[in-house]
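Trainee: Using only what follows, build the 3D model:
(chains A and B)
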There are 2 protein chains.
Amino acid sequence: MKKLINDPSDVVSDALRGMELAHPDLLRVDHENRVVFRRDAPVQGKVGIVSGGGSGHEPMHGGFVGRGMLDAACAGEVFTSPVPDQMQAATAGVYSGAGVLHIVKNYTGDVMNFEMAAELVAAESGIEVATVVVDDDVAVTDSLYTAGRRGVGTTVLLEKIVGAAAEEGRPLIEVADLAKRVDDAGRSMGMALTSCTVPAAGTPTFSLGEDEMEIGIGIHGEPGRRRVPLAPAREVAAMLVEPILADRRYTDGVICFVNGMGGTPLIELYVVYAEVAAILEKAGIGIARSLVGPYMTSLEMAGCSVTLLQADDEMLRLWDAPVVTPGLRWGA
Amino acid sequence: MKKLINDPSDVVSDALRGMELAHPDLLRVDHENRVVFRRDAPVQGKVGIVSGGGSGHEPMHGGFVGRGMLDAACAGEVFTSPVPDQMQAATAGVYSGAGVLHIVKNYTGDVMNFEMAAELVAAESGIEVATVVVDDDVAVTDSLYTAGRRGVGTTVLLEKIVGAAAEEGRPLIEVADLAKRVDDAGRSMGMALTSCTVPAAGTPTFSLGEDEMEIGIGIHGEPGRRRVPLAPAREVAAMLVEPILADRRYTDGVICFVNGMGGTPLIELYVVYAEVAAILEKAGIGIARSLVGPYMTSLEMAGCSVTLLQADDEMLRLWDAPVVTPGLRWGA
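Mentor: Residues are numbered from 1 along each chain as shown, chains lettered A, B, ... in the order given. Alright, predicted model coming up:
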């Protein structure tokens, strides 16, 4: 295992220390509960936006904490759901009277723990919590850790758009409704050229031959649709985009997100982006905005995913709104 | 070779197409000359800032084109210097009467070709060109492709700071002087856990055993100081920071840049950042600003580099100034 870490059991706490030291202007970290908070949380009168999940997907979610996006993110162990205690601490820490939205990727552990946390804070502190479960992965229905579709790339776009709406002071009911509309409008599919190694395990999560790749893989290395021989980026792009277009109708106004899985460099992501854009152009679908880079990673896995979000005018306006986080930053 | 590409000989042109399609609001690409231009170049009255080098280091340099940073970047083949024709096209395309600064990393091919281009545009078009050669790598003196120290991480910081000065309308002589001061104030050192594969070659540039890493490596896989057994991030950080601190005196006001080589995920870079920050704190050196992420990559190489820039108040102010590029963006 070749990794820039200390003791494998300290990876998450070491990385959280690094994040806090690198971004003291934006974040503070509750190290006991492993929650990354926006530095000025709770923000008076604002709906609190909380997300979280297993670590190993950085910058998601801790890197999306800051003005215009998340108020707090719970960091689980690598590829492991955070526990309800963490989510309670996050929820209580961002609550300022306007309610809290939980953004949960559809993995059984995450869904169960966020649900339990929401019930506990409601019962103990009367905090009103709404929840959106993101389930945008068209690759498979039901998977190793999931009933229904997995929650993947749309999560990044949703956290940005919904975070901007909360920043405008919109009430919880509207913010939660918007979140559900964004989830409905987004579809994703991913692929891997290589496996990845969970530090505590020390050996690759799965194995993949020198000449093959996995299409439709999950962000923890869960099996996808099929293993196929290596193919040019042009064909890989088609293998990811066609199932998305077959699943939902798209017209102009799409946010096109080509995500890197952690071990794939940017030069390759731009090659893929060019092919995705060509497919969409041929299908008569106009791209309104784009995002290219490693925003939702799977440790050092080589590969990529494509997310297409059919954004309406409101979503595009909120996408363009200022955001100041370690991982996404513009307009301010 | 597992890469998301089409024909290996098309990687650079495919990636440039992707960049232009993904960032039409910021960039346009001269595909014939393989130059990425700021969309509104030339900017009247502003010193033009031009950089460039071999591809495979993305987002450097094309991803740093935009308001407050570069006006143009020349993309060579992977790990190969651009040719003087490209640099001439870039220089002429950003010239608006106020002169042009070439930012050149110290590799023999780049230095020679930028020099030739500067002479040609001066002779043919009377364009005044100043040049800064970045040579900040403390690992080795003289190397496979370099006489003197190699130009590495300080380049990213220099392009940001000097780009901000040019954006303020400062004259060429001041912009060039600032560039030299930034180069003088920056030192870097890098390491690799794995090799990388140039697409046209198809096999790894060098080989590294399962239990070893290379300390002091160059960004094209040039040999470093020594090969050593794998070690915890804490020791790796010391192996990179100590030679930097031995080479130059640092006090408060440092910009601390932990760079990923392309195949190392962000979670590990934050682990390294925490260790670098601890060493600096122990040495009584205050960090004023930080940058953590894959900004100057070596294809899919796993590894990192550390750059410490002793910034004065002017440099910090220019670092904080607005920048709007695909790779670095804030304040606007």
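Trainee: Do a quick rundown of the strands in the stretch 51-200 of chain A.
Mentor: For the stretch 51-200 of chain A, the strands defined by DSSP state E, counting those that start in this stretch cover A:72-78, A:100-105, A:129-134, A:186-192.
Trainee: List the residues that contact A:Asp135.
Mentor: By CB atoms under 8 Å, 6 or more residues apart in numbering or on different chains, the contact set of A:Asp135 is A:106, A:148-151, A:183. C-betas here are computed from N, CA, C, even on glycine.
Trainee: Please report phi then psi for it.
Mentor: Here is the backbone geometry of A:Asp135 (degrees, to the nearest 10): phi -140, psi 80.
Trainee: circling back: can I get the strands of the stretch 51-200 of chain A in a markdown table with mean pLDDT?
Mentor: Formatted as a markdown table, the strands of the stretch 51-200 of chain A follow (pLDDT from 0 to 100):
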| stretch | mean pLDDT |
| --- | --- |
| strand A:72-78 | 98 |
| strand A:100-105 | 98 |
| strand A:129-134 | 98 |
| strand A:186-192 | 98 |
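Trainee: now those strands in JSON lines, with distance to A:Ala231 and mean neighbour count?
Mentor: As requested, the strands of the stretch 51-200 of chain A are exported to JSON lines (distance: least, CB to CB, whole Å; neighbours: other CB atoms under 10 Å in any protein chain shown):
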{"stretch": "strand A:72-78", "distance to A:Ala231": "30", "mean neighbour count": "26"}
{"stretch": "strand A:100-105", "distance to A:Ala231": "28", "mean neighbour count": "28"}
{"stretch": "strand A:129-134", "distance to A:Ala231": "29", "mean neighbour count": "22"}
{"stretch": "strand A:186-192", "distance to A:Ala231": "10", "mean neighbour count": "28"}
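Trainee: Turn those into CSV, columns for distance to chain B.
Mentor: Converted to CSV, these look like this (distance: least, CB to the nearest CB, whole Å):
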stretch, distance to chain B
strand A:72-78, 8
strand A:100-105, 17
strand A:129-134, 21
strand A:186-192, 9
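Trainee: Could I get the ones you listed in a markdown table, plus columns for distance to B:Gly303?
Mentor: Putting the strands of the stretch 51-200 of chain A into a markdown table (distance: least, CB to CB, whole Å) gives the following:
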| stretch | distance to B:Gly303 |
| --- | --- |
| strand A:72-78 | 20 |
| strand A:100-105 | 30 |
| strand A:129-134 | 33 |
| strand A:186-192 | 21 |
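Trainee: between those, which gets nearest to B:Gly216?
Mentor: B:Gly216 sits nearest to strand A:72-78 of all the strands of the stretch 51-200 of chain A, at 29.7 Å, using CB to CB.
Trainee: report the angle between the axes of the closest one and strand A:100-105?
Mentor: Going by axes from the mean of the first three to the mean of the last three CA atoms, to 10 degrees, strand A:72-78 is angled at 30 degrees with respect to strand A:100-105.
Trainee: chain center to strand A:72-78: distance?
Mentor: Put simply, strand A:72-78 sits 12 Å off its chain's centre (CA atoms, centre = their mean, to the nearest Å).
Trainee: what does that strand contact?
Mentor: Defining contact as CB under 8 Å, 6+ apart, one finds that strand A:72-78 is touched by A:11-12, A:16, A:33-38, A:41, A:48-56, A:61-62, A:64-65, A:82-83, A:86-87, A:89-91, A:93-94, A:198-200, A:299.
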